[in-house]
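Colleague: The following block contains a protein sequence and its predicted model.
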Amino acid sequence: MYFGEKIKLRAYKESDIEDSYALIENFEIKSMLNKAIIFPYSLDEQKEFVKSTTKKPCYEFAIELVETGEYIGGCGIAECDTTSQTATIGIWLGLEYQGRGLGQDALRTLCKFVFDEMNIRKIKLEYFSFNEKGENCYTKLGFKEEGILREELFRAGKFHDIHLMGMFRDEFK
């Protein structure tokens, strides 16, 4: 487990299946996570995801509130290149947990894990242009914009940009 101020990152467990399914089966959340067409998951698909996180090597974390033990979202490393020492990360929180500094705490904890435990020199991420909360969170931690994939995503009847960000170890705040 890895602790932030208000959250901890831990391995997924079977009891997270229904909680994670309830939080992620939300159009607004899904629209921020996936480039593909948004389609409802089944509970069985969520079970398979949680089971897949127990296979090594896997760096998917459940995000839990330290105070209550409540599951609030997830984060992890989507890609890792040990030769160039880069990792691509992702994070999400249930809607009711956003805007309280929990995402920034979780992201800071994840970045600390990636830099300190994996010996990575650069962390990368991407976000969609309509995700202003994400952009603010990433910028506050030290991520810098590295590029824009213009009109790369079709969502809700129109095209949106995908922003690429990166942060080196010495830029981490």
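Modeller: Right, received. Where do you want to start?

Colleague: Contacts for the helix ranked longest in the chain, please.
Modeller: Across the chain, the longest stretch assigned as helix under DSSP state H is helix 102-118. Helix 102-118 is contacted from outside by 2-9, 59, 61, 63, 65, 72-73, 75-77, 80, 87, 89, 91, 93, 97, 120-121, 123, 133-134, 137-138, 140-141, 167, 169, 172, using Cβ atoms under 8 Å, 6 or more residues apart in numbering. For glycine as for every other residue, the C-beta is placed from the backbone atoms N, C-alpha and C.

Colleague: Would you write a ChimeraX line that selects the buried entries of those residues?
Modeller: Applying 16 or more other Cβ atoms under 10 Å to the contacts of helix 102-118, the buried members can be selected in ChimeraX as follows:
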select :4,6,7,8,9,59,61,63,72,73,75,76,77,80,87,89,91,93,97,120,123,134,137,138,141,167,169,172
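
Colleague: Identify those among the contacts of helix 102-118 that sit within strands.
Modeller: Assigned to strands by DSSP state E, the following of those qualify: 2-3, 7-9, 61, 63, 65, 72-73, 75-77, 80, 87, 89, 91, 93, 123, 167.

Colleague: If you count neighbours, what's buried in the helix-or-strand element of the chain with minimal mean pLDDT?
Modeller: When the helices and strands of the chain are scored by mean pLDDT, DSSP states H and E, helix 43-52 comes last with a mean of 77. Buried residues in helix 43-52, defined by neighbour count with 16+ other Cβ under 10 Å: 46, 49-50.

Colleague: Dump the residues you listed to TSV, plus distance to Ile148.
Modeller: Putting these into TSV (distance: Cβ to Cβ, whole Å) gives the following:
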residue	distance to Ile148
Gln46	32
Phe49	30
Val50	34
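
Colleague: And the longest helix of the chain, how far out from the chain middle?
Modeller: Relative to the centre of its chain, helix 102-118 is centred 10 Å away, using Cα atoms, centre = their mean, to the nearest Å.

Colleague: ok and that helix relative to strand 60-65, angle-wise?
Modeller: Here helix 102-118 runs at an angle of 130 degrees relative to strand 60-65 (axes from the mean of the first three to the mean of the last three Cα atoms, to 10 degrees).

Colleague: Could you check how far the residue nearest the centre of the chain is from Lys122?
Modeller: In the chain, the centroid-proximal residue (Cα atoms, centre = their mean) is Ile91; its distance is 1.1 Å. Using Cβ to Cβ, to the nearest Å, one obtains 17 Å as the distance from Ile91 to Lys122.

Colleague: Show me the contact partners of stretch 4-19.
Modeller: With contact meaning Cβ under 8 Å, 6+ apart, stretch 4-19 is reached by 1-3, 20, 43, 46-47, 50, 53-54, 60-67, 71-72, 74-75, 101-102, 105-106, 108-110, 113.
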